[in-house]
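Chemist: with the input below, show me the fold.
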Amino acid sequence: MSKILIIDDEVMITTTLATLIEMMLDYEVFTSNNPKDLIESGLLDREKIDLVISDFIMPYMNGLELLSLIKEKQPNIVPILLTGYSDKESAIKSINDLGLYYYLEKPWDNNELIKIIQNGIDKARLEDELKHKLVVIEKKNTEISRLYELLRRDYDKEMDNVLEFIISLSNLVEAKDAYTDNHTRRVADLAIALGRMSQLNKQQLRNVEIGAMIHDIGKVSTPELILNKPGPLTPDEFEVMKQHPEAGAKVIKPISALENATALVLSHHEKLDGSGYPNGLKGDEISIETRIVTIADIFDALYTDRPYRKGMSLEKAMAILNEDVARGKLDPTIVGHLETLMNSGELAKIYDGN
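Modeler: Next up is the predicted model:
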């Protein structure tokens, strides 16, 4: 039940208002005819009052002073002021200064008064409900943040485990293929640098790193005689070699944490003009992450030693890449980023570290 407090130094007014409110609204009503007695009674400490109606001119203190004291004790109370015509200006000013909900001039209209009280109580109830909902929302947000942090830690831990697994897979390939000795780490470092220059987001950069490190995992199914052959491959041998992207995708497909890397492993030998393998993808069918790893892979293959030849110079390797750009096979922007890395000396740092 809502509780109303009425303060007026005239007993007839407090009695009349209390009777009216109890009959019309069925609220619990407290009355006082002396502000000092009210403060000293302890009522405001014992009872939570929803709405207070105070006269303006009273002994000891006026209505604005009294309402100010009441608001200090009960900040959420809805204050209404009864005024005479001469006090109207002060009442209007107190709407902002005190947070006055309403002021009524004497004599008041009973129907208007009842409606104002109902609206004030509804306002207080809605504000209480809103505050309660905000508290609930804040608690839920706190719990969501806590759960998110736990999930993030679990995810980071899982990804650390995945990276360890990836390194193990890379080592497995490198143990079998003399050419791939440290090849995957170089390709990954170069691809990350190109990814940053291409303004990839954090998730895309992670995909690039993981995909680059396992892009050749399918070579575990390629015969060592072909992998380590000290000379160019025959057409039949090259057909066997071309099977490693699909073999790699099959190896990692069951691993949910590597889901985003599967397409990259499968497509790292595709070309923008459709001349690549295994599916002859063209243009936008090839993701930017895959284009980056492809270019990093080709550059490293040209620049480093192979079983059947020594590594090319930077200038010759870049010339071959630019020829493929001119023929529509490689992304010109990414190759441009690679040239920037070369000219700035950053490319040399990547290879000096590997």
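
Chemist: can you tell me what sits against the helix or strand harbouring K349?
Modeler: Here K349 sits within helix 346-352, counting by DSSP states H and E. Helix 346-352 is contacted by residues 186, 189-190, 193, 303, 314, 338, 341-342 when judged by Cβ atoms under 8 Å, 6 or more residues apart in numbering. The C-beta positions use only the backbone N, C-alpha and C, and glycine is treated the same way.

Chemist: recalculate using a threshold of 10 Å.
Modeler: With contacts defined as Cβ atoms under 10 Å, 6 or more residues apart in numbering, helix 346-352 is touched by 185-186, 188-190, 192-193, 197, 296, 299-300, 303-304, 311, 314, 318, 338-342, 345.

Chemist: can you select the buried ones among these for me in ChimeraX?
Modeler: Restricted to buried positions by 16 or more other Cβ atoms under 10 Å, the ChimeraX selection for the contacts of helix 346-352 reads:
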select :185,186,188,189,190,192,193,197,296,299,300,303,304,314,318,338,341,342
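
Chemist: out of the contacts of helix 346-352, which sit inside strands?
Modeler: With strands taken from DSSP state E, there is no overlap with the contacts of helix 346-352.

Chemist: ok, which stretches of the stretch 201-350 of the chain are helices?
Modeler: For the stretch 201-350 of the chain, the helices defined by DSSP state H, counting those that start in this stretch cover 202-213, 224-227, 235-241, 244-252, 259-267, 288-303, 314-326, 332-344, 346-352.

Chemist: out of those, which is closest to L25?
Modeler: helix 202-213 (59.6 Å; Cβ to Cβ).

Chemist: other SSEs contacting the closest one?
Modeler: helix 110-176, helix 183-197, helix 259-267, helix 288-303 (3 or more Cβ pairs under 10 Å, 6 or more residues apart in numbering; DSSP states H and E).

Chemist: what angle do helix 183-197 and the third one make with each other?
Modeler: Angle of helix 259-267 versus helix 183-197, following axes from the mean of the first three to the mean of the last three Cα atoms, to 10 degrees, is 110 degrees.

Chemist: any idea how far helix 259-267 is from the chain center?
Modeler: Remark: helix 259-267 is offset 26 Å from the chain centroid, using Cα atoms, centre = their mean, to the nearest Å.

Chemist: who are the packing partners of that helix?
Modeler: Identification of packing neighbours for helix 259-267 by 3+ Cβ pairs under 10 Å, 6+ apart yields helix 202-213, helix 244-252, helix 288-303.

Chemist: what do you get for the second one?
Modeler: With contacts defined as 3+ Cβ pairs under 10 Å, 6+ apart, the packing partners of helix 183-197 are helix 110-176, helix 202-213, helix 288-303, helix 332-344, helix 346-352.

Chemist: avg pLDDT for the longest one?
Modeler: Spelled out, that is helix 110-176. For helix 110-176, the per-residue pLDDT values average out at 78.

Chemist: how far off centre is it?
Modeler: Its chain's average C-alpha position is 11 Å from that of helix 110-176, according to Cα atoms, centre = their mean.

Chemist: so it versus helix 259-267, what angle?
Modeler: Helix 110-176 and helix 259-267 are oriented at 40 degrees to each other (the same axes, to 10 degrees).

Chemist: cool, and the fourth one?
Modeler: Using the same axes, to 10 degrees, the inter-axis angle of helix 332-344 relative to helix 259-267 is 90 degrees.

Chemist: ok, and what's touching helix 332-344?
Modeler: Applying Cβ under 10 Å, 6+ apart, the external contacts of helix 332-344 come out as 190-191, 193-198, 272, 288, 291-296, 298-299, 314-315, 317-318, 321-322, 324-326, 330-331, 346-350.

Chemist: please repeat the previous calculation with a cut-off of 8 Å.
Modeler: For helix 332-344, with Cβ under 8 Å, 6+ apart as the criterion, the contacting residues are 190, 193-194, 197-198, 288, 291-292, 295, 299, 314, 318, 321-322, 325, 347-348, 350.

Chemist: what about it, average pLDDT?
Modeler: In this model, helix 332-344 has an average pLDDT of 95.

Chemist: how many other residues sit next to V135?
Modeler: By the criterion of other Cβ atoms under 10 Å, V135 has 10 neighbours.

Chemist: and the gap between it and P75?
Modeler: Going from V135 to P75 by Cβ to Cβ, to the nearest Å gives 16 Å.

Chemist: quick one, what contacts the closest residue to I320 other than its chain neighbours?
Modeler: Setting aside the residues directly before and after it, I320 is nearest to L302 in space (Cβ to Cβ, 6 or more residues apart in numbering), at 5.9 Å. Contacts for L302 (Cβ under 8 Å, 6+ apart) come out as 311-312, 316-317, 320-321.

Chemist: which of these count as buried?
Modeler: 312, 317, 321.

Chemist: distance check, the nearest residue to D331 once chain neighbours are set aside against E209.
Modeler: Closest residue to D331 apart from its sequence neighbours, by Cβ to Cβ, 6+ apart: R291 at 4.5 Å. Counting by Cβ to Cβ, the gap from R291 to E209 is 15 Å.

Chemist: fine by me, thanks again.
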